[in-house]
Structure formats: structure tokens, C-alpha cells
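1. what follows is a predicted structure for the sequence shown.
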Amino acid sequence: MAEISFLIITGMSGAGKTQAVRSLEDLGYFCVDNLPPSLIPKFAELCLQSKGKVNKVALVIDIRGGQFFDNLFQALEDLKAMGIYYEILFLEANNETLVNRFKETRRRHPLSAESGGVMEGIKLERELLQDLRGRANKIIDTSTLKPSQLKEEIQQLWGKNGKGKILSITVMSFGYKYGIPLDTDLLIDVRFLPNPYYVPELRDLTGCDRAVQDYVFKSAISREFVDKYYSLLNFLIPHYITEGKTHLVIAIGCTGGRHRSVALANCLGTLLENDKYQVTIKHRDIDKQGAKG
């Protein structure tokens with residue numbers, strides 16, 4: 001039997017599913033938008049009969065399917081029974097961003113008619129998708145992403161250089177004052193560490209600068225934290241791989257996302273890279289000025 005993999009693209013309306021599909025088409029995926037979930041097993045059979053001509057498939061399945069959407073979990077069980085590997089990519093964004101996107105495009109939210117407005121539709125959709133989000137292999141928060149950045153992330157995960165079923169790890173720094181990343185798997189708060197913000201000559205620097213790194217890791221508490229947290233990661237990651245997880249987001253937060261969390265993310269990301277893991281290091285809030293930490 002020819003090997004075939006399915007990528008289910010789902011998530012919040014307005015979160016970027018159309019851009020994701022375009023990016024996957026560029027990567028050679030056969031893409032279908034809004035296929036009724038009950039037809040997924042039959043569609044999979046047709047793909048298998050193509051004798052390898054269709055071996056990478058991306059399906060957009062979302063709330064527009066109405067009552068058919070309820071059949072998705074059974075369809076996924078059917079794929080599993082057929083021996084077909086699948087992943088779920090869940091795209092989301094915060095409520096304010098979604099509202100602004102609907103205003104800019106002058107589109108109606110799919111649930112606005114029954115809920116009474118865009119914001120109400122977003123809240124209802126988030127509730128309806130909660131179980132599906134919990135099953136996702138990869139969650140991408142597009143609140144602050146440009147279309148080109150979303151395309152780049154998808155190319156990293158599913159492009160020619162992607163590792164397929166091998167775990168890819170994103171280590172992300174962020175500032176709590178700007179909110180917790182929505183796509184986090186593991187979250188750690190490092191606001192207990194010494195804060196370079198209160199050192200005048202370090203305030204305008206970031207955790208990517210050597211002087212800030214030296215200040216942070218001068219503390220015995222910082223060094224002990226890295227040792228213990230890295231030991232925990234070394235314990236967890238092999239179990240995630242055994243479970244079949246393909247994407248892991250480790251979020252490290254301080255007050256403003258410019259100093260402590262950046263230094264720690266760089267350090268832990270480098271340690272994981274040295275252990276031969278596929279790692280991407282991101283600093284979500286590093287360019288936001290006036291951030292304390």
C-alpha cells in the first residue's frame with residue numbers, strides 16, 4: 001500500500017487557514033477546502049488508489065461544515081483504522097485580532113447569524129472547537145504573524161527540510177504583560193530571576209546581548225534553574241516522541257519578554273540543539289520597547 005499522510009487544517013475563522021493552504025500548495029500538497037468530514041475516509045481511499053501520485057494531502061475542515069463538522073472525530077478514527085497517518089494543525093488568534101480582521105475584510109463570521117454578532121460568534125466558535133484544539137499536533141497563534149511569517153513557519157514544519165514525524169521544538173520567549181502565547185505546550189515563568197531592566201546600562205539591551213546574558217547567569221539561581229528545567233525536558237521529550245507528538249512549543253516568560261526570558265530561551269534552545277533536536281528559537285516580544293524584563 002502506498003504511504004500517504006493527511007494534514008487536517010482547522011481552527012478559528014479568520015486565523016489564517018487560507019494562507020496556510022496556499023503555503024502547502026506551494027509545497028506540493030493536494031489541498032481541499034471545506035470537505036465534509038464524513039467524506040474523508042472515501043477521499044482517502046481514492047488517494048490510495050492513485051498509487052502514490054497523491055501522497056500529501058491537506059484538508060481544511062472547520063465550523064463552516066455545520067452539522068457535518070460533528071462527524072470529524074469518527075472520520076479521524078476511520079483514517080487511523082485504515083493505517084493512514086494524519087496530523088492536525090490548529091490556527092488561532094486572540095479575540096481582538098479576529099474582530100479586526102473581520103472588520104478589515106468586511107466578512108461575516110460563520111456563526112454571527114445564530115450568535116448575534118462577530119464577537120459572540122468568535123466566543124461560540126472557540127467553545128465548539130475546544131475538544132478539537134486539544135487533539136491538535138500543532139497550534140499556531142497568528143495574532144502577531146504576518147502572512148509571510150506564517151508561510152515561513154509552515155515551510156519549516158512541512159517543507160522539504162521538515163523532519164516529518166520527528167519532533168520539532170520551538171523555544172519561545174515572551175512577556176507576560178503582552179499575554180501568554182496561545183500555542184504553548186510547556187509554559188515556565190522566569191520572573192523570579194534577577195532583572196537586568198533595573199541596571200541602567202543593561203536596560204536598552206536584550207537577552208541576545210552578552211552583557212545581559214552574563215548578568216542573568218551570574219546568579220546561582222539562574223544556573224540551577226537551567227540545570228533542573230533542562231533535566232525535566234530531557235525526561236519529557238522522549239515520552240512526547242513515543243506518544244507520537246511532532247511539534248512542541250516551550251514558552252519562557254518574563255515581564256516584558258526582552259531580557260530574562262530571551263537569555264533563557266537562547267540557552268535552553270542551544271542545549272536542545274546540541275542534543276541533535278530540531279529546534280527553532282523565537283523571541284515574540286523582544287522588539288517591544290519599555291518592557292521590564
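-> Okay, I see it. Numbers count the residues shown, from 1 in each chain.
2. count the neighbours of the nearest residue to D62 once chain neighbours are set aside for me.
-> Spatial nearest neighbour of D62, chain neighbours left out: T10 (5.3 Å); criterion: C-beta to C-beta, 6 or more residues apart in numbering. Heads up, the C-betas are built off the backbone N, CA and C, glycines and all. Neighbourhood size, T10 [other C-beta atoms under 10 Å]: 24.
3. name the SS class of T10, please.
-> Under DSSP: H, G, I helix; E, B strand; the rest coil, T10 falls in the strand class.
4. for it, give the beta-bridge partners.
-> Beta bridges link T10 to F90 when assigned by DSSP bridges.
5. who touches it in this structure?
-> Going by C-beta atoms under 8 Å, 6 or more residues apart in numbering, T10 touches K17, V60, I61, D62, I88, L89, F90, L91, L129, L132, A136.
6. so which of those are in strands?
-> Secondary structure assignment by DSSP state E places V60, I88, L89, F90, L91 of the contacts of T10 in strands.
7. what is the nearest of those residues to D141?
-> L91 (8.3 Å; C-beta to C-beta).
8. contacts only, for that closest one.
-> Applying C-beta under 8 Å, 6+ apart to L91 gives the contacts I9, T10, G11, M12, A15, G16, K17, A20, I139, I140, T142.
9. among these, which ones are buried?
-> Listed as buried from the contacts of L91 are I9, T10, G11, M12, A15, G16, K17, A20, I139, I140, T142; burial here means 16 or more other C-beta atoms under 10 Å.
10. which other residues reach stretch 205-216?
-> Applying C-beta under 8 Å, 6+ apart, the contact partners of stretch 205-216 are 173, 193-194, 196, 199, 201-202, 222, 258-267, 283, 286.
11. and what of stretch 54-68?
-> Residues contacting stretch 54-68 (C-beta under 8 Å, 6+ apart): 2-11, 13, 17, 20-21, 24, 27-38, 40, 43-44, 46-47, 69, 72, 110-111, 125, 128-129.
12. one more time with 6 Å
-> With contact meaning C-beta atoms under 6 Å, 6 or more residues apart in numbering, stretch 54-68 is reached by 4, 6-10, 17, 21, 24, 29-37, 47, 72, 110, 125.
13. helix, strand or coil: sort out I250 for me.
-> strand.
14. how far away is it from R191?
-> 17 Å (C-beta to C-beta, to the nearest Å).
15. out of these two, which sits in the busier spot?
-> A direct count of neighbours by other C-beta under 10 Å for I250 and R191 places I250 higher, at 24 against 14.
16. most neighbours among the ones in strands among the contacts of T10, which one is it?
-> Most surrounded of the ones in strands among the contacts of T10: other C-beta under 10 Å gives L91, at 26 neighbours.
17. once you drop chain neighbours, what's closest to it?
-> Per C-beta to C-beta, 6+ apart, closest to L91 is G11, 3.6 Å.
18. same question for K138.
-> H247 (4.0 Å).
19. equivalent analysis for S5, please.
-> Y85 (4.8 Å).
20. where do the strands sit along the stretch 1-150 of the chain?
-> In the stretch 1-150 of the chain, the strands defined using DSSP state E, counting those that start in this stretch lie at 5-11, 30-33, 56-60, 85-92, 138-141.
21. mind putting the ones you listed into CSV with distance to K218?
-> As requested, these are arranged in CSV below (distance: least, C-beta to C-beta, whole Å):
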stretch, distance to K218
strand 5-11, 43
strand 30-33, 51
strand 56-60, 48
strand 85-92, 39
strand 138-141, 33
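22. nearest to Y240, of those?
-> Comparing the strands of the stretch 1-150 of the chain by C-beta to C-beta, strand 138-141 comes nearest, at 12.6 Å.
23. packing partners for the closest one?
-> strand 85-92 (3 or more C-beta pairs under 6 Å, 6 or more residues apart in numbering; DSSP states H and E).
24. what's the angle between the strand it packs on and strand 5-11?
-> 20 degrees (axes from the mean of the first three to the mean of the last three C-alpha atoms, to 10 degrees).
25. in terms of contact, does the residue nearest to L91 touch I88 like I think?
-> No: counting by C-beta atoms under 6 Å, G11 stays clear of I88, with 9.4 Å between them.
26. joint contacts of those two?
-> With C-beta under 6 Å, 6+ apart applied, the contact sets of G11 and I88 do not overlap.
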